[in-house]
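Enquirer: Can you look at this prediction? I've put the sequence above it.
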Amino acid sequence: MTHPWIEVEQKFVPRPGIEDRLKELGGTQESQISFRDSYYDTPELTLMKADHWLRYREGNGWELKCPGAGGSPGSHTKYVELTAEAAIAARLCEQLGSGELGIETVSDMLGQLKLQEVASYVTDRSVWKLALSGAGDEEEPLTVDLDTADFGYAVGEVEALVREEAEVPEALEKIHSLSSLLGVSEQEQTPGKLIVYLKRFRPEDYQRLLEKTTGKNDEQGSEATEN
Ligand SMILES: Cc1ncc(C[n+]2csc(CCOP(=O)(O)OP(=O)(O)OP(=O)(O)O)c2C)c(N)n1
Ligand SMILES: [Mg+2]
């Protein structure tokens, strides 16, 4: 079986003129897309509290982001993204302590696992690719996503996808270099769309998430602010 991708990313607040800056740095706009994400969890937010993020992305299907090994110090995050339904189903059973359900499609297990929709919104995304000068031809360029959610929140992210844990430090170095060229501060803690959505529209759930027991991801939770 192929390893799932490890997604290493840093979010930032897109400042005016960001597209011009990306062009100056040799970036090219790859696509402009629009998609709806619907996030699911138990009424107690068991998954999110354990840093697991289950969503249905229209056009892509089910996706589950789980924490990568080793934690995520600083302002970046690192997640393993599962997209194979059987793998997602197995991880959900494990995480929710339900034992084997004998069901391999996520839609069919929602009811038994008490998973319900907690957020749903459309994102307009402008996708940019940029190779840092000095990087070899064979190097994967970095991706910069400029997102605007339909509830009026804009956020950017610099992202690298790697296959192996050993590639994470190099990916981080590249992300930090590009972030600094884009004028993104190392200390910047920019919340993602879902966190801002919960804060605005599901404040009780947002509080529940903030009150989660101490763990390695608390630093992200406690420092998140809505800009
Ligand atoms: C306060 C706080 N913020 C973020 C997290 C982590 N987190 C929150 S929601 C969440 C899931 C949503 O991930 P995100 O990258 O923000 O979504 P999006 O950019 O639309 O998807 P992509 O196309 O990149 O796959 C995570 C990992 C946390 N645990 N606590
Ligand atoms: Mg992201």
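Expert: Okay, I see it. Ligands and ions are numbered 1, 2, ... in the order given.

Enquirer: any idea how far the closest residue to ligand 1 within the chain is from Lys11?
Expert: The nearest approach of the chain to ligand 1 comes at Gly192, 2.9 Å away (C-beta to the nearest ligand atom). No exception for glycine: its C-beta is placed from N, CA and C like everyone else's. Plainly put, Gly192 is 6 Å away from Lys11 if you go by C-beta to C-beta, to the nearest Å.

Enquirer: give me every residue that touches the residue of the chain closest to ligand 1.
Expert: Counting by C-beta atoms under 8 Å, 6 or more residues apart in numbering, Gly192 makes contact with 11, 155.

Enquirer: and what of Glu63?
Expert: The contact partners of Glu63, by C-beta under 8 Å, 6+ apart, come to 54-57, 81-83, 88.

Enquirer: quick one: which of those residues sit in helices?
Expert: Judged by DSSP state H, the contacts of Glu63 include Ile88 as members of helices.

Enquirer: Which of the contacts of Glu63 has the largest number of neighbours?
Expert: Using other C-beta atoms under 10 Å as the neighbour criterion, Leu54 leads the contacts of Glu63 with 25 neighbours.

Enquirer: thinking again about what came up before, tabulate the contacts of Glu63 in a markdown table, adding columns for pLDDT and distance to ligand 1.
Expert: Listed next are the contacts of Glu63 as a markdown table, based on pLDDT from 0 to 100; distance: C-beta to the nearest ligand atom, whole Å:
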| residue | pLDDT | distance to ligand 1 |
| --- | --- | --- |
| Leu54 | 98 | 9 |
| Arg55 | 98 | 7 |
| Tyr56 | 98 | 12 |
| Arg57 | 98 | 8 |
| Glu81 | 91 | 7 |
| Leu82 | 94 | 12 |
| Thr83 | 95 | 10 |
| Ile88 | 95 | 14 |
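
Enquirer: Tell me which of the contacts of Glu63 fall in strands.
Expert: Mapping these onto strands (DSSP state E) picks out 54-57, 81-82.

Enquirer: Scan the helices and strands of the chain for the one with the lowest mean pLDDT.
Expert: helix 218-223 (a mean of 36; mean pLDDT, DSSP states H and E).

Enquirer: Now do the same for Tyr206: its pLDDT.
Expert: At Tyr206, the model reports a pLDDT of 97.

Enquirer: swap that for Arg15, please
Expert: Looking at Arg15, the pLDDT reads 90.

Enquirer: Chain neighbours aside, what residue packs nearest to it?
Expert: Computed as C-beta to C-beta, 6 or more residues apart in numbering, the closest residue to Arg15 that is not its neighbour in sequence is Gly183, at 6.8 Å.

Enquirer: anything in contact with each of Gly192 and Lys11?
Expert: Jointly contacting Gly192 and Lys11 under the rule C-beta under 8 Å, 6+ apart are Val155.

Enquirer: so who does the residue lying farthest from the centre of the chain touch?
Expert: Within the chain, the residue lying farthest from the chain centre (C-alpha atoms, centre = their mean) is Gly102, at 28.8 Å. With contacts taken as C-beta under 8 Å, 6+ apart, Gly102 has no neighbouring residues.
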